[in-house]
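Peer 1: Model the structure of this input:
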Amino acid sequence: MGGDLADVRGWASELDAVHGRFVHRFNRSEPRESALAYMRGLIAPLARKNGWTLAEEAGHDGPDRIQRMLNRIEWDEVLDDVRTYVVDNLGDRDAVLIVDDTGFLKKGTRSAGVQRQYSGTAGRTENSQIGVFLAYAAGRGRTLIDRRLYLPTSWTDDRERCRRAGIGDEIAFETKVAMAKAMVRKAIADRIPFAWVTADAAYGFSKGWRYELEQADVFHVMATTRHDTVVTRWALDHPVHDLFPGLPRQKWKRRSCGEGAHGRRVYDWARVEVRPWHREDRRHWVLARRSVSRPEQISYYIAYCPADTTLDELIRIAGSRWAVEECFQTAKQECGLDDYQVRRYPGWHRHMTLAMAAHACLTVLRARQLDTDKAETDPPSSSTSASPRSDD
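Peer 2: Residues are numbered from 1 along each chain as shown. As a prediction, this is how the structure comes out:
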């Protein structure tokens, strides 16, 4: 019980520290206090985390104060403060930026961006909202640092409907890839420390985005489809799936690309160099990941990287993409990422910002605990364990 009390005090204190990062964004005490109460409620062990339960947890008579804070008061710069908090505590020049989207099942037709559309979360077409997110995966932890609500053309073509949901006339239709580009551009502009970008084939298939990253000299390992084409010594549009059937058996290496829900994810991997006439200190590769039990199942990646990058390093980056799934799972289970009752476009983004702040807080606390555990289990260095020497 004492340990539980210490945990509660620990995350409450760290939430106060996160809140202190952006408290200056609020001009009045009521929304300032409501934002902190909201984050506390998101982390609290509540069966449901809606406006009423969060208000009750905060000691409010009803959800009005929280709803005003989410929907009526402008404080959109808070996301920048949350991102700075993540960098200050987890920043790593070898980190990976990961783009992915997740679905939020919804009823009705009034919530911004909602329609029947494919949701990877449900694995089928459902009435839902889709959010595109940017995750930051560093050596000491991973968390979400940016978010955009996808608006289908059924919304952006109906400006009156948009206005009712708080979507300004200046907000036009954007593809999910365009949103991904914008988030990575912002990370670069804000000097977020990272080394790689990765994404699944829904984003990695975009030649235009890969070219933009290459022009900015941003290293990446992007999943793509078997129908993608690349430049080789033999053709300008060489299908990636055609590069591997004749590859010698010794070129395939059995490797794990990290831990998954069912243990280590082990596959056979190979790579073939493409675009061989590029600059000397950079390389382009097509990477293939083949199932061990079903060798006919092969996935493909396009990589742009330093010339000395090993196959094992490319495999590590490809495997790091699953970190964003872990972020979605823990943020939904522990921080109420998908527990919200806001219908308006600004409210959706503000809820996500506070849920991401709560998730970042827990991620930082876990990183510190791992640091403490490591320090306690590591043997003392020889310099500290040796007997002190005399001066003579």
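
Peer 1: can we go C-alpha only for contacts and neighbour counts from here?
Peer 2: Fine.

Peer 1: what's around R294, how many residues?
Peer 2: Using other C-alpha atoms under 10 Å, R294 has 8 neighbouring residues.

Peer 1: ok, it - contacts?
Peer 2: Residues in contact with R294 (C-alpha atoms under 8 Å, 6 or more residues apart in numbering): none are found.

Peer 1: Offset the numbering so it begins at 237, please.
Peer 2: Got it, first residue is 237 now, which makes that one R530.

Peer 1: That one in helix, strand or coil?
Peer 2: With DSSP: H, G, I helix; E, B strand; the rest coil as the basis, R530 sits in coil.

Peer 1: now the helices: where do they sit in this protein?
Peer 2: In chain order, the chain shows helices spanning 238-258, 265-279, 287-294, 300-307, 314-326, 389-392, 395-400, 412-425, 437-440, 443-451, 547-555, 558-571, 581-613, 618-621, with DSSP state H as the criterion.

Peer 1: Could you export these to CSV, including columns for mean pLDDT and distance to Y354?
Peer 2: Compiled in CSV, those are given as follows (pLDDT from 0 to 100; distance: least, C-alpha to C-alpha, whole Å):
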stretch, mean pLDDT, distance to Y354
helix 238-258, 76, 35
helix 265-279, 93, 27
helix 287-294, 82, 27
helix 300-307, 90, 27
helix 314-326, 97, 28
helix 389-392, 97, 15
helix 395-400, 97, 21
helix 412-425, 98, 13
helix 437-440, 97, 13
helix 443-451, 96, 23
helix 547-555, 96, 24
helix 558-571, 95, 17
helix 581-613, 92, 19
helix 618-621, 44, 58
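
Peer 1: I381 is nearest to which of the ones you listed?
Peer 2: With C-alpha to C-alpha as the criterion, I381 lies closest to helix 314-326 of these, at 5.6 Å.

Peer 1: and that closest one, what does it pack onto?
Peer 2: For helix 314-326, the contact count by 3 or more C-alpha pairs under 8 Å, 6 or more residues apart in numbering; DSSP states H and E identifies helix 238-258, strand 377-385, helix 581-613 as packing neighbours.

Peer 1: Out of these, which one sits most buried?
Peer 2: Comparing the helices and strands packed on helix 314-326 by mean neighbour count (mean count of other C-alpha atoms under 10 Å), strand 377-385 comes out on top with a mean of 24.

Peer 1: Report the rounded mean pLDDT for that strand.
Peer 2: Mean pLDDT, taken over the full extent of strand 377-385, equals 98.

Peer 1: Output it as PDB, nothing but the C-alphas.
Peer 2: Presented in PDB, the C-alpha positions along strand 377-385 are these (Å, rounded to 0.1, in the frame of the first residue of the first chain):
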ATOM      1  CA  GLY A 377      11.000   5.500 -23.900                       C
ATOM      2  CA  ARG A 378       8.400   6.300 -26.600                       C
ATOM      3  CA  THR A 379       5.400   8.600 -26.600                       C
ATOM      4  CA  LEU A 380       3.200  10.700 -29.000                       C
ATOM      5  CA  ILE A 381       4.300  14.200 -29.900                       C
ATOM      6  CA  ASP A 382       1.900  15.400 -32.600                       C
ATOM      7  CA  ARG A 383      -1.700  14.700 -33.800                       C
ATOM      8  CA  ARG A 384      -4.000  15.800 -36.600                       C
ATOM      9  CA  LEU A 385      -7.700  14.800 -37.100                       C
END
